[in-house]
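Enquirer: could you work out the structure for the sequence below:
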Amino acid sequence: MRSMQALLLILAISVFLSSPPASGQSTSVLNSPSFSPVPELKEGFDLLYEQKFPEARTTFEDWAAKNPEQPFGQVAIGASYLFEEFYRQQVLTSDYFLNDKRFLGGITGTPDPGRMKGFDDAIVKARQLAEQRLKRNKRDPEGLFALTLSAGMESDADSMLLKKHYDALKHLKEANNNAAILLADHPDAYDVYVAPGVAYYVIGSLSGSARFILWFGGIHGDKDLGMREVEKTADNGNYLKPFARILLALSARREKKDALAIKNLKELVEEFPDNTVYQTEYAKALGRPIPATMRPAQ
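Expert: Reported below is the predicted structural model:
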């Protein structure tokens, strides 16, 4: 655990020191699938947050087949596999977030190989399509968005599911760099803020000695800043708004900010009343009996 934290510290410093400067541009986000609601994609993400993972995946696959040049379709397919495994491993729960060993070290079991292969295959396709767009325009919003989310999800999978912490931080560095370029041009791409927000929060959650080394290197892990960045997605995001809300709520519970946790969990329960995880976490935050038992996804 100590060697892993040391590796986190060294690479975290390189992540932040290598972030590209803002371009000074502030243009509006283009009317494209990643940044404006597409009914089919919205339906797919709603199914995802309702824990209907195969149905969500079918919806995303149908849209991707009709829009083969758009990398976001493959990003969404990858998300359907990752979110399903998170549900199976109970990652997006207080049992995970409030346990420092799990929160900083990863799950106790092993991920499903079939789901991880489906996730990897979709991310490979998303990256290929994104790179094609970036060859034509190195600041293409769709390409940058796809690479940001792809690398962010790979970082999550590596750190939480596979416990490959070195690989996780390489992907985190990539996600933050692409997010910085995209947000310099399109600051209202609110779904993007969740990626650097999580990075700030996790680094700020390291031990006191870890934070001291970061401070000595001129870099500060900042839990409050991380939560504010995630909150931008939770308040104004498009497809990732519910995802940011559960992250914000669970982070708020770690920080004993009960009102913020209850607010976001209440909104999630009202929007997705059949999601047993949201119901359970809302009950826990209120100190009430748990109304539903979480079941592993089949």
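Enquirer: buried stuff in the longest helix along the chain?
Expert: Ranked by number of residues, the top helix in the chain under DSSP state H is helix 113-136. Using 16 or more other Cβ atoms under 10 Å as the burial criterion, the residues of helix 113-136 that qualify are 115-116, 118-119, 122-123, 125-127, 129-130, 133-134. From N, CA and C alone the C-beta is placed, and that goes for glycine too.
Enquirer: which residues in the stretch 101-250 of the chain form helices?
Expert: 113-136, 141-156, 165-185, 194-204, 208-216, 223-236, 241-254 (DSSP state H, counting those that start in this stretch).
Enquirer: out of those, which gets the lowest mean score?
Expert: Note on the helices of the stretch 101-250 of the chain: helix 208-216 shows the lowest mean pLDDT, a mean of 45.
Enquirer: distance to residue 47 added to the helices of the stretch 101-250 of the chain, as TSV?
Expert: Output for these, formatted as TSV (distance: least, Cβ to Cβ, whole Å):
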stretch	distance to residue 47
helix 113-136	16
helix 141-156	18
helix 165-185	25
helix 194-204	20
helix 208-216	39
helix 223-236	20
helix 241-254	12
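Enquirer: among the ones you listed, which is the most enclosed?
Expert: Comparing the helices of the stretch 101-250 of the chain by mean neighbour count (mean count of other Cβ atoms under 10 Å), helix 141-156 ranks first with a mean of 25.
Enquirer: quick check: angle from that helix to helix 165-185?
Expert: 150 degrees (axes from the mean of the first three to the mean of the last three Cα atoms, to 10 degrees).
Enquirer: kindly export helix 141-156 (C-alpha atoms) in PDB.
Expert: The C-alpha coordinates for helix 141-156 follow below in PDB (Å, rounded to 0.1, in the frame of the first residue of the first chain):
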ATOM      1  CA  PRO A 141     -14.500  18.700 -29.600                       C
ATOM      2  CA  GLU A 142     -16.000  15.300 -30.300                       C
ATOM      3  CA  GLY A 143     -12.600  13.700 -30.600                       C
ATOM      4  CA  LEU A 144     -11.300  15.400 -27.400                       C
ATOM      5  CA  PHE A 145     -14.400  14.500 -25.500                       C
ATOM      6  CA  ALA A 146     -14.200  10.900 -26.500                       C
ATOM      7  CA  LEU A 147     -10.600  10.600 -25.500                       C
ATOM      8  CA  THR A 148     -11.200  12.400 -22.200                       C
ATOM      9  CA  LEU A 149     -14.000  10.000 -21.200                       C
ATOM     10  CA  SER A 150     -12.200   6.900 -22.600                       C
ATOM     11  CA  ALA A 151      -9.100   7.700 -20.600                       C
ATOM     12  CA  GLY A 152     -11.100   8.600 -17.500                       C
ATOM     13  CA  MET A 153     -13.000   5.400 -17.600                       C
ATOM     14  CA  GLU A 154      -9.800   3.400 -18.200                       C
ATOM     15  CA  SER A 155      -8.300   5.100 -15.200                       C
ATOM     16  CA  ASP A 156     -11.400   4.100 -13.100                       C
END
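Enquirer: roughly how far out does it sit from the chain middle?
Expert: Computed by Cα atoms, centre = their mean, to the nearest Å, the chain-centroid distance of helix 141-156 equals 10 Å.
Enquirer: so residue 281 sits against residue 94, correct?
Expert: Yes - when contacts are counted by Cβ atoms under 8 Å, residue 281 is listed as touching residue 94 (6.0 Å).
Enquirer: show me which of the two is the more surrounded one.
Expert: residue 281 (28 against 17; other Cβ atoms under 10 Å).
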